[in-house]
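J.: Output the structure for:
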Amino acid sequence: TVEELPVIADGIELASGGLSTDGKYLIVTFVSRSGGSAIKIVPNNGAGVVEMLLHDTEEFSRNVMDTSNWSMSVWPSLEYRQMYADAWRLLRDYFYDKDMTNIDWPEVFKRYLPLVRRCAKREELDDVLRLMASELSALHVFVFGGEYGSPLHGDRRLEKANQVASLGATLRKSIEWAGYEVTTVPERDPDFGMMDDEAIYSPLSDRTLRMSGQRGLKVGDVIVGVNGESVANVPDLGMMLRGMVGRSVRLDVLRVASGPSFPPTSTAARKKRRAAVAGNSVKNGEEEEGIMPEPVIVVPVSPSDAARLRYSAWEWKTRQSARTLAAAANFTVGYIHLRDMSGASAEDAFVRGFYPDYDKQALIVDVRHNHGGNIDSWLLDVLQRRSWMYWKSRTTNVTTGGLGWDEQFAFRGHLVVLMDEKTSSDGEGFSRGVSELGLGKLVGMRTWGGGIWLS
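T.: Below is the predicted model of the structure:
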C-alpha cells in the first residue's frame, strides 16, 4: 500500500508543479496568503523528494526563487515567429489527414513566414495565421484570443462609462415629432419569467414599468427628452445613454399611441404642460393640441442584454406564428429553436420546447443561426424513441383524446429541421443525423460547412 503524506506549510498554497525541460528537477510554484509568489526547485530524485516532504515542511523555504518582482523581456518579432511555428506544427501533428489533403505543408510554412517577419502587432499576426490555416479549407479552424491593445486598458470602469445603454426597443428618428418614435417593444415568452437564471424585459414594456406604478410605452409613442434634455440637441439618442446601464433615467414621452396618463383638463395635466413648455421640451403646436410630454423613469440595459431580449422575442413570435398557421391548417405543431448546442442552456432550450409538445402531430426544430456545440447525440437519441405500446384513458392525456404510449415521451409525428447558411458545427451534425437516420426532412439552405476541424 502507498501512504499519502500531506505537505503542510503555513501561509502558502501550492499553485502548480512540473518538470524542467531536461527532467532533472521538479518545479513547484506556490503563492503566499499575502499575495507573493515563488518557485521551489527540487532535484528529481528520491533524496530531493524526501528532503522536501520530510525536512522542509515547516517553512518550505529551501531552494526557493522569489518571483514577486520577476520581469521578463520579450522580443515581439521572435515571439510572433514562435507562435506561427507552433500553430503550423499543431495542424501538422493533429489534422485528421496526415497527408494534409495533399497540400505541401512545409511549403505553406515558407510561403507565409515573410509576412510574419513584417507583423508589427498581434492583430496582424492573427491575419497571417488565418491565411496559413485557410490553406486546408477546414472551416472549423479558428484564430482567437491573445494580447490585444485596448484604448480602455481593460479598465471596467472606463468600459462601463463608455458603454451605450439600451432602452430595449426599436426606435425611429421622427422629424415630425422632434423625437424618437417607438416602432417595436420586444416581448419574450410570458410563461418563462426566468430563463437561464435571467429575467430580461424591455425597460419600456408595461411588464417592467407597471411594477413601479407606471405604464409601458406602445408602438407610436415618442421619446422627446432624456434627463431633462431634448433629444433634438444631439445627433443620436445613444449619446445621452452612455454610461447609463443599470441607472435610473428620466424620459420625456409623448404618449401618442398609449394615451395620456392624466385627462388634459386636470390640474396635474395643466401643471405638467406649463412645466414642459417652460423647459422647451415640447413645441407650442403640441401644447396647443393637448399633447404633452410625461415623465417616465426607466432603467436601461446593456447592449448584450438587449440583444438577448430581441432574440428571445423573435423566438416567441416565431413559435406563435407556427402554431397559428398550423391551427389554420387543422393540425398541431411544436416549435423548438436552438441557438447553439453548448451546455446546460442548449439542453434547457430543447427540454422547454420538446416535452410540452412531444404529443403534437408535427415538430419543427429550428437550427438556423445555430453556433454549434456537442449535444447532437442526445437530441437524436430522444427523437429516435419509438412507441411500442398504447394506453387509453378517459381522465388523462386529454390533448390526445385519452391516448398515451410507451416509450414515454416518444415523438410520433412528422419532424422538420429548419437550417440556413449560418447553421454551423454541431447544428450541422444534428441536421445530418436527422437525415441519415430517416427521422425527418431538412428544409432551408446549404449550411456553413464546418464539419472538419482537426478530426
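J.: For the chain, give me the ranges with low pLDDT.
T.: Where the chain drops to pLDDT under 70, the residues are 1-12, 33-35, 53-62, 66, 68, 193-197, 263-290, 398.
J.: The residue of it most remote from its centre in helix, strand or coil?
T.: Distance from the centre of the chain peaks at residue 47, with 52.0 Å (CA atoms, centre = their mean). The three-state label given to residue 47 by DSSP: H, G, I helix; E, B strand; the rest coil is helix.
J.: Was I right to think residue 253 contacts residue 217?
T.: Yes - using CB atoms under 8 Å, residue 253 makes contact with residue 217 at a distance of 6.4 Å. In short, each C-beta sits where N, CA and C put it, glycine included.
J.: who touches both of those two?
T.: Each of residue 296 lies in contact with both residue 253 and residue 217 under the rule CB atoms under 8 Å, 6 or more residues apart in numbering.
J.: quick one, helices of the stretch 101-250 of the chain?
T.: Taking DSSP state H, counting those that start in this stretch as the criterion, the stretch 101-250 of the chain contains helices spanning 105-117, 122-134, 156-162, 206-209.
J.: Going by neighbour count, list what's buried in the first one.
T.: Residues of helix 105-117 classed as buried: 105, 108, 109, 112, 116 (neighbour count, 16 or more other CB atoms under 10 Å).
J.: ok, the first one - contacts?
T.: Residues near residue 105 by CB under 8 Å, 6+ apart: 88, 91, 92.
J.: and the gap between it and residue 94?
T.: Here residue 105 is placed at a distance of 12 Å from residue 94 (CB to CB, to the nearest Å).
J.: quick one: the helix ranked longest in the chain to chain centroid distance?
T.: Using DSSP state H, we find that the single longest helix of the chain is helix 303-328. Remark: helix 303-328 is offset 17 Å from the chain centroid, using CA atoms, centre = their mean, to the nearest Å.
J.: helices or strands up against that helix?
T.: On a contact count with 3 or more CB pairs under 8 Å, 6 or more residues apart in numbering; DSSP states H and E, helix 303-328 meets strand 333-337, strand 362-366.
J.: that older thread, from the contacts of residue 105, which land in helices?
T.: Using DSSP H, the contacts of residue 105 in helices are 88, 91, 92.
J.: Buried among those? Make that a ChimeraX selection.
T.: To isolate the buried ones among these in ChimeraX, judged by 16+ other CB under 10 Å, type:
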select :88,91
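J.: what residues are up against residue 347?
T.: Residues counted as contacts of residue 347 (CB under 8 Å, 6+ apart) are 375, 378.
J.: Relative to residue 307, how far out is it?
T.: Residue 347 sits 22 Å away from residue 307, going by CB to CB.
J.: can you check residue 253 too?
T.: For residue 253, the distance to residue 307 (CB to CB) stands at 24 Å.
J.: Between the two, which has more neighbouring residues?
T.: The residue with more neighbours, out of residue 253 and residue 307, is residue 253; 25 against 13, by other CB atoms under 10 Å.
J.: Assign a three-state SS to the more buried one, would you?
T.: strand.
J.: Same question for residue 16.
T.: Following three-state DSSP, the label given to residue 16 is strand.
J.: burial count for it?
T.: That count, for residue 16 with other CB under 10 Å as the rule, works out to 10.
J.: Fine by me, thanks again.
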